[in-house]
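> pasted the sequence and its predicted model underneath.
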Number of protein chains: 2
Amino acid sequence: MPPNKPATPDPARTLSLLWRHSLSPSRTRGPRPSLTVDRVVEAAITLADEQGLDAVTVRSVAEAVGASPMSVYTYVPGGKTELIELMIDVVYLRADRPAWGELGWRERVLSVANQNRALHAAHPWLIHASTSRPPLGPGVITKYEYELSAFDGLGLSDVEVDAALTFVLGFVQANARSAAEAAALPEATAMTDAAWWEAQAELLGRVVDPTKFPRATRIGEAAGTAQGGAYQAEAAYRFGMDRVLDGLDQLVERKKKA
Amino acid sequence: MPPNKPATPDPARTLSLLWRHSLSPSRTRGPRPSLTVDRVVEAAITLADEQGLDAVTVRSVAEAVGASPMSVYTYVPGGKTELIELMIDVVYLRADRPAWGELGWRERVLSVANQNRALHAAHPWLIHASTSRPPLGPGVITKYEYELSAFDGLGLSDVEVDAALTFVLGFVQANARSAAEAAALPEATAMTDAAWWEAQAELLGRVVDPTKFPRATRIGEAAGTAQGGAYQAEAAYRFGMDRVLDGLDQLVERKKKA
DNA sequence: GACGTACACTGTACAATGTACGTAGTTGAT
DNA sequence: ATCAACTACGTACATTGTACAGTGTACGTC
C-alpha cells in the first residue's frame, strides 16, 4: 500500500462533477470528448463489482473504456480518489427507494436497513471504499433524505433523527463488513470456511490452555465451527436488528409519553 | 494502492509467532539474533500511533529498529500482513481489563464498550488495519474471554452471548470509524472542521434545490455545521450506547421471565 | 477561407511500495 | 577443523498513482 498521492484535491470541482455540472462556460472548442464521466465511472463500478476494489486501477479503468491511462484524468481530474467518490454516489443514486405506504416505523427502519444490506451485498467494495467524508452528490443526498423520512412523525428532534439513522446504518455497515470478510476468506486461503476453522482449532489446541479461556474456547468453537461464515453473518444481522429496533423503541415510547 | 503480494501465507507459522513459540527445535546455531519479534512489532506500533498506518512500511520499520528492510522478514516471515496481525494482538493484550466487582450487567457491558473506545482512541490505526480474520493470538483470545464474561449470569445461550458481544463491538467500531474520519479530515484539507462544512454548504447551496431535500438540508446542516466532528462522534456514542443497552435489556428481561 | 485558441489525448517518467532471490558472514555442534 | 543452520542485507522487479510536456483537433472569429 503505497500512500500514492491523491492528485490535486479541489472540493468545488469534485462537487460540480458529482452533480454533473460543467463549470467552464465555453465548451464547444476543441476536439469533442470521446468519453463521458459516466462511462468512466460505470466501467470502474463494473470492475469493482466483478473483481473487487483492488482491481480498480487507473490503468484497468482506462483499458475498460478503451483509452490511455492518462485520459482518465481528463474526465476525472481528481484522480482515483475522486473516481471512488463518484462510484459511491452513483450506486447510491441507483438504489431502490419504495414509498412507505402504510408501514409502521419499525417496518420502515427495518426496510432502510435491508436496503442498505442489499446495497452492500451487491457492491461489496463499498465497505472498503472508505472516504474521509461522504461525497455530497445527488446519490448521497437523495439516500439521506429518503432514510431520514423513515423517522417522520415519531416526535424525535432533528438531532435525534440524525443520530438514530447513524446508529442504524452503523450497525448495517459493521455487519456488512463481517459478511465481506467471511466471504473473502475462502478465496484468500483456498479452503472452505469450515475446513479453515477446523485447522485453526487444531493448531490452537496445541498452543492455548482451554482452562484459562473457558468461555472463549467453548463459545468461539461453537460460533466458529458449527456455523459457516455466511450463515453467521445472517444470524448476526437478525439478532442485531432486533436489538436495534428494540433500542429505538424505548426512545420512541419515551418520546410519545412526553 | 498496489495489491502488493502478501508474502507466503502460513497460518501455522503465524499462530506460532503470535504465541511466541519457536517451532524449530534447534536454535543455537548461527549468529545470535540482534533483534526480536517484539522489538519489530513495538517499532511498528509506535510508528502507527504517531504517524498513522500508512507510515508503517517495511522500510520505515526496518529503519526504526536499525536494520535493513529485508531483515524484517527474518523476524516476521509473513511480511507486512503478518506484522499487522502481530501489532493488533499486542495492543489487545496490553489493554486494561479491570475485575467486574459488583457491577450490574449494564455497567459491565458499558465498560466493555468504553474500553474498546479507549483502545481505538489510543490506536486509531486499528480501524484501518482490516484483517480478513482476527489473528488468534493471546491478545485477541484474552480480550474475547474477558468480554464474554461481561454477559455471565444473564441466562443467555452461548450463541446469544457471542451475538450480543459482536453487536456491542460492532457499534463501537462503527463509531470509532466516524471519529477517526472526523479527526483525519482537518489534516487532509488543512481546514478546521467548521470551515470545511461551511464551505461545502455554500457550494452545495448553488447546486442543490433545498425544497427537494427538505430534511437533508435542514438536518444535515444542523448536524454538520452546529457541531464539530469530534463533538458529534461523542454525542453519537452516547446516543448509540443508550440504544444498545436498551436493546439488550429487552432480550435480557425476556430471558429472565422464561 | 485562414487562423488561433481551448481543449482532448497520450507517452514518458518518477517515486513509493512489498518482497523474491542470491550472497556473504557467523557461530555452535560435531 | 568442518559444516550446517542461521542472520543479515543488497539488488532487482512488478505495480501503483500521477506530474508534465508535447501533439493533434475543431470551433469561433476574422
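Ah, there it is.

> can you pull out the helices in the stretch 1-150 of chain A?
Using DSSP state H, counting those that start in this stretch, the helices of the stretch 1-150 of chain A run over A:11-18, A:37-51, A:58-65, A:72-75, A:79-94, A:105-122, A:125-128, A:138-149.

> B:Glu102: which of those helices is closest?
B:Glu102 lies closest to helix A:105-122 among the helices of the stretch 1-150 of chain A, at 36.0 Å (CB to CB). All C-beta spots, glycine's among them, are computed from the backbone N, C-alpha and C.

> how about that closest one, does it get close to chain B?
No - applying CB under 8 Å from any CB of the partner chain, one finds helix A:105-122 separated from chain B by no less than 11.7 Å.

> what residues are up against A:Asn116?
Residues in contact with A:Asn116 (CB atoms under 8 Å, 6 or more residues apart in numbering or on different chains) are A:169, A:172-173, A:176.

> what angle sits between the longest helix along chain A and helix B:158-189?
Longest among the helix segments of chain A by residue count, using DSSP state H, is helix A:158-189. Computed by axes from the mean of the first three to the mean of the last three CA atoms, to 10 degrees, the angle separating helix A:158-189 from helix B:158-189 equals 100 degrees.

> quick check: next helix or strand after helix A:158-189?
helix A:193-207 (DSSP states H and E).

> what's the domain layout of chain A?
Using automatic domain parsing, the domains assigned to chain A come out as A:1-20+A:33-150, A:166-258.

> report the mean confidence score over the last one.
Right, domain A:166-258. Domain A:166-258 carries an average pLDDT of 84.

> any idea how far the closest residue to DNA strand D within the stretch 51-200 of chain A is from A:Tyr73?
Among all residues of the stretch 51-200 of chain A, A:Gly79 sits closest to DNA strand D, at 2.5 Å; criterion: CB to the nearest atom of the strand. Remark: distance between A:Gly79 and A:Tyr73 (CB to CB, to the nearest Å) = 6 Å.

> what touches both of those two?
Contacts common to A:Gly79 and A:Tyr73, judged by CB under 8 Å, 6+ apart, are A:Ala7.

> ok, now which ones touch A:Ser130?
Neighbours of A:Ser130 in contact, by CB under 8 Å, 6+ apart: B:128, B:177, B:181.

> can you count the residues close to the last one?
Put plainly, it is B:Glu181. 19 (other CB atoms under 10 Å in any protein chain shown).

> how close does A:Pro135 sit to B:Gly205?
Using CB to CB, we find A:Pro135 at a distance of 17 Å from B:Gly205.

> gap between stretch A:57-66 and the chain center?
23 Å (CA atoms, centre = their mean, to the nearest Å).

> ok, back up a step: of the contacts of A:Ser130, closest to DNA strand C?
Distances from DNA strand C to those, taken by CB to the nearest atom of the strand, are shortest for B:His128, at 12.9 Å.

> so the closest one sits right up against B:Leu53, yeah?
Yes - assessed by CB atoms under 8 Å, B:His128 is found in contact with B:Leu53 at 4.8 Å.

> tell me who's in contact with A:Tyr231.
Contacts of A:Tyr231 (CB under 8 Å, 6+ apart): none.

> picking up where we left off before, can you redo the domains of chain A as JSON lines with distance to B:Ala199?
As requested, the domains of chain A are exported to JSON lines (distance: least, CB to CB, whole Å):
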{"stretch": "domain A:1-20+A:33-150", "distance to B:Ala199": "7"}
{"stretch": "domain A:166-258", "distance to B:Ala199": "23"}
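
> of those domains, which is nearest DNA strand C?
Ranking the domains of chain A by proximity to DNA strand C (CB to the nearest atom of the strand) places domain A:1-20+A:33-150 first, at 3.0 Å.

> and A:Ala113, how many neighbours?
Neighbour number of A:Ala113 under other CB under 10 Å is 22.

> and if you look at A:Tyr92?
So A:Tyr92, with other CB under 10 Å, has 21 neighbours.

> doesn't A:Val140 make contact with it?
Yes - if you go by CB under 8 Å, A:Tyr92 and A:Val140 touch, sitting 5.5 Å apart.

> near DNA strand D, which residues of chain A?
Contact residues (CB under 7 Å from any atom of the strand) of chain A with DNA strand D: A:2, A:4-8, A:28-32, A:56-60, A:69-70, A:73, A:79-81.

> just the buried members of these?
Neighbour-count burial (16 or more other CB atoms under 10 Å in any protein chain shown) applied to those gives A:56-58, A:73, A:79-81.

> now these in a markdown table, with pLDDT?
Formatted as a markdown table, these follow (pLDDT from 0 to 100):
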| residue | pLDDT |
| --- | --- |
| A:Val56 | 98 |
| A:Thr57 | 98 |
| A:Val58 | 98 |
| A:Tyr73 | 97 |
| A:Gly79 | 95 |
| A:Lys80 | 97 |
| A:Thr81 | 96 |
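
> identify the farthest-apart pair in the residues you listed.
So, those by CB to CB: farthest apart are A:Val56 and A:Tyr73, at 14.9 Å.

> residue contacts, the closest residue to A:Ala113 other than its chain neighbours?
Sequence neighbours aside, A:Val172 is the residue nearest to A:Ala113 in space, at 5.2 Å (criterion: CB to CB, 6 or more residues apart in numbering or on different chains). Taking CB under 8 Å, 6+ apart, we find A:Val172 in contact with A:113, A:116-117, A:120.

> out of those, who's nearest B:Leu156?
Within the contacts of A:Val172, the smallest distance to B:Leu156 is 23.0 Å, found for A:Ala113 (CB to CB).

> any idea how far the residue lying closest to A:Ala179 once chain neighbours are set aside is from DNA strand D?
Among residues not flanking A:Ala179 along the chain, A:Ala233 sits closest, at 3.8 Å (CB to CB, 6+ apart). Per CB to the nearest atom of the strand, to the nearest Å, A:Ala233 is found 29 Å from DNA strand D.
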